[in-house]
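Undergrad: here is a sequence together with a model predicted from it:
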Amino acid sequence: MSTPSTYITLAQQRLPPLLHRFFAQHPPGSNHAAIFRHTKSAVTGKWHNPKYSLRRQKELVKAAQECGVEELLPETVKGTAARAVRAEVGPRLKRMLTPKGKGWERALRAKLEVRKKAMEGMPKLIDKWRKLGHGRGWKEWPR
(Lines give C-alpha, C1' and ligand atoms only; values in the text may rest on other atoms or scores of the structure.)
Protein backbone atom coordinates (compact mmCIF):
# COMPACT_ATOMS: atom_id res chain seq x y z
CA MET A 1 0.00 0.00 0.00
CA SER A 2 1.34 3.37 -0.95
CA THR A 3 1.43 6.36 1.33
CA PRO A 4 -0.47 9.58 0.60
CA SER A 5 2.79 11.34 -0.25
CA THR A 6 3.36 8.80 -3.04
CA TYR A 7 -0.05 9.64 -4.46
CA ILE A 8 0.72 13.36 -4.27
CA THR A 9 3.98 13.02 -6.18
CA LEU A 10 2.25 10.79 -8.74
CA ALA A 11 -0.48 13.39 -9.18
CA GLN A 12 1.97 16.25 -9.60
CA GLN A 13 4.01 14.38 -12.19
CA ARG A 14 1.63 12.77 -14.63
CA LEU A 15 -2.08 13.20 -13.91
CA PRO A 16 -4.18 15.42 -16.18
CA PRO A 17 -5.72 18.53 -14.57
CA LEU A 18 -9.17 16.91 -14.43
CA LEU A 19 -7.95 14.05 -12.25
CA HIS A 20 -5.60 16.29 -10.32
CA ARG A 21 -8.50 18.53 -9.24
CA PHE A 22 -10.70 15.53 -8.46
CA PHE A 23 -8.11 13.84 -6.25
CA ALA A 24 -7.36 17.16 -4.54
CA GLN A 25 -11.01 17.44 -3.47
CA HIS A 26 -11.58 13.71 -2.87
CA PRO A 27 -8.31 11.97 -1.94
CA PRO A 28 -8.01 8.23 -2.58
CA GLY A 29 -8.84 6.04 0.37
CA SER A 30 -11.41 8.40 1.84
CA ASN A 31 -15.06 7.40 1.69
CA HIS A 32 -16.50 9.61 -1.05
CA ALA A 33 -18.68 7.03 -2.81
CA ALA A 34 -21.80 9.18 -2.30
CA ILE A 35 -20.57 11.86 -4.71
CA PHE A 36 -21.41 9.53 -7.63
CA ARG A 37 -24.87 8.47 -6.38
CA HIS A 38 -28.22 10.04 -5.58
CA THR A 39 -28.55 10.60 -1.85
CA LYS A 40 -31.60 11.00 0.33
CA SER A 41 -31.61 13.73 2.97
CA ALA A 42 -32.15 12.36 6.46
CA VAL A 43 -33.84 15.59 7.55
CA THR A 44 -36.22 16.36 4.68
CA GLY A 45 -36.47 12.94 3.02
CA LYS A 46 -35.84 14.50 -0.39
CA TRP A 47 -33.46 13.05 -2.95
CA HIS A 48 -30.41 15.07 -4.05
CA ASN A 49 -28.61 14.68 -7.35
CA PRO A 50 -25.06 13.32 -7.36
CA LYS A 51 -22.25 15.84 -7.28
CA TYR A 52 -20.82 14.43 -10.53
CA SER A 53 -23.21 13.72 -13.41
CA LEU A 54 -22.97 10.49 -15.41
CA ARG A 55 -21.23 12.36 -18.21
CA ARG A 56 -18.60 13.78 -15.85
CA GLN A 57 -18.20 10.34 -14.19
CA LYS A 58 -17.50 8.84 -17.61
CA GLU A 59 -14.89 11.51 -18.32
CA LEU A 60 -13.20 10.86 -14.96
CA VAL A 61 -13.17 7.09 -15.50
CA LYS A 62 -11.80 7.46 -19.02
CA ALA A 63 -8.99 9.77 -17.86
CA ALA A 64 -8.20 7.46 -14.93
CA GLN A 65 -8.04 4.43 -17.25
CA GLU A 66 -5.57 6.22 -19.51
CA CYS A 67 -3.35 7.02 -16.50
CA GLY A 68 -3.82 3.59 -14.89
CA VAL A 69 -5.35 4.89 -11.66
CA GLU A 70 -8.97 3.80 -12.08
CA GLU A 71 -8.89 1.73 -8.87
CA LEU A 72 -8.32 4.95 -6.89
CA LEU A 73 -11.71 6.36 -7.94
CA PRO A 74 -14.80 5.71 -5.81
CA GLU A 75 -17.12 3.02 -7.15
CA THR A 76 -19.23 4.26 -10.06
CA VAL A 77 -21.67 2.80 -12.60
CA LYS A 78 -19.34 3.99 -15.35
CA GLY A 79 -16.38 1.97 -14.05
CA THR A 80 -14.94 -1.11 -15.73
CA ALA A 81 -16.26 -3.54 -13.11
CA ALA A 82 -19.81 -2.23 -13.30
CA ARG A 83 -19.72 -2.24 -17.10
CA ALA A 84 -18.63 -5.90 -17.11
CA VAL A 85 -21.58 -6.85 -14.91
CA ARG A 86 -23.98 -4.87 -17.11
CA ALA A 87 -22.60 -6.51 -20.25
CA GLU A 88 -23.18 -9.95 -18.74
CA VAL A 89 -26.60 -9.42 -17.16
CA GLY A 90 -28.03 -6.48 -19.12
CA PRO A 91 -29.31 -8.09 -22.34
CA ARG A 92 -30.95 -10.98 -20.48
CA LEU A 93 -32.61 -8.63 -18.04
CA LYS A 94 -33.85 -6.36 -20.81
CA ARG A 95 -35.40 -9.27 -22.71
CA MET A 96 -37.21 -10.41 -19.58
CA LEU A 97 -38.57 -7.01 -18.61
CA THR A 98 -39.55 -5.50 -21.95
CA PRO A 99 -41.35 -7.76 -24.41
CA LYS A 100 -41.44 -6.19 -27.83
CA GLY A 101 -44.57 -5.47 -29.80
CA LYS A 102 -48.28 -5.10 -29.06
CA GLY A 103 -50.25 -7.88 -27.39
CA TRP A 104 -51.81 -9.08 -30.63
CA GLU A 105 -48.37 -9.14 -32.29
CA ARG A 106 -46.92 -11.29 -29.51
CA ALA A 107 -49.88 -13.71 -29.67
CA LEU A 108 -49.92 -13.86 -33.47
CA ARG A 109 -47.37 -16.67 -33.87
CA ALA A 110 -49.30 -19.05 -31.56
CA LYS A 111 -52.58 -18.15 -33.25
CA LEU A 112 -51.13 -18.90 -36.71
CA GLU A 113 -49.84 -22.28 -35.49
CA VAL A 114 -53.32 -23.26 -34.29
CA ARG A 115 -54.79 -22.09 -37.61
CA LYS A 116 -52.20 -24.09 -39.56
CA LYS A 117 -53.03 -27.29 -37.63
CA ALA A 118 -56.74 -26.71 -38.24
CA MET A 119 -56.15 -26.29 -41.99
CA GLU A 120 -54.08 -29.50 -42.13
CA GLY A 121 -56.95 -31.42 -40.50
CA MET A 122 -59.65 -29.81 -42.65
CA PRO A 123 -60.03 -32.63 -45.25
CA LYS A 124 -60.79 -35.15 -42.47
CA LEU A 125 -63.24 -32.74 -40.90
CA ILE A 126 -65.06 -32.21 -44.21
CA ASP A 127 -65.35 -35.99 -44.80
CA LYS A 128 -66.70 -36.50 -41.29
CA TRP A 129 -69.23 -33.70 -41.82
CA ARG A 130 -70.46 -35.25 -45.07
CA LYS A 131 -70.80 -38.74 -43.52
CA LEU A 132 -72.78 -37.52 -40.53
CA GLY A 133 -75.22 -35.60 -42.67
CA HIS A 134 -74.47 -31.91 -42.53
CA GLY A 135 -74.75 -31.30 -38.81
CA ARG A 136 -77.10 -34.14 -37.80
CA GLY A 137 -75.30 -36.17 -35.16
CA TRP A 138 -72.52 -33.61 -34.95
CA LYS A 139 -71.18 -33.64 -31.39
CA GLU A 140 -68.21 -31.30 -31.31
CA TRP A 141 -67.79 -28.15 -33.27
CA PRO A 142 -64.30 -27.31 -34.51
CA ARG A 143 -62.58 -24.41 -32.87
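TA: Nice, thanks for sending it over.
Undergrad: the protein: strands as residue ranges?
TA: With strands called from DSSP state E, the chain shows them at 39-40, 47-48.
Undergrad: and the contacts of the last one?
TA: For strand 47-48, the surrounding residues in contact (Cβ atoms under 8 Å, 6 or more residues apart in numbering) are 38-41. Heads up, the C-betas are built off the backbone N, CA and C, glycines and all.
Undergrad: need the residues you listed in CSV (columns: pLDDT).
TA: Listed next are the contacts of strand 47-48 as CSV, based on pLDDT from 0 to 100:
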residue, pLDDT
His38, 88
Thr39, 89
Lys40, 91
Ser41, 90
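Undergrad: name the nearest of those residues relative to Met122.
TA: His38 (61.1 Å; Cβ to Cβ).
Undergrad: now that closest one, nearest residue through space, not along the chain?
TA: Spatially, and ignoring its direct neighbours in sequence, His38 is nearest to Trp47 (5.3 Å; Cβ to Cβ, 6 or more residues apart in numbering).
Undergrad: including distance to Pro28 and mean neighbour count, could the strands of the chain go into TSV?
TA: Output for the strands of the chain, formatted as TSV (distance: least, Cβ to Cβ, whole Å; neighbours: other Cβ atoms under 10 Å):
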stretch	distance to Pro28	mean neighbour count
strand 39-40	21	11
strand 47-48	24	10
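Undergrad: ok, which of these comes nearest Glu105?
TA: strand 47-48 (37.3 Å).
Undergrad: now that closest one, how far from the centre of its chain.
TA: Distance of strand 47-48 from the chain centroid (Cα atoms, centre = their mean, to the nearest Å) equals 23 Å.
Undergrad: please work out the average pLDDT along that strand.
TA: Taken as a whole, strand 47-48 has a mean pLDDT of 92.
Undergrad: brilliant, that's me finished.
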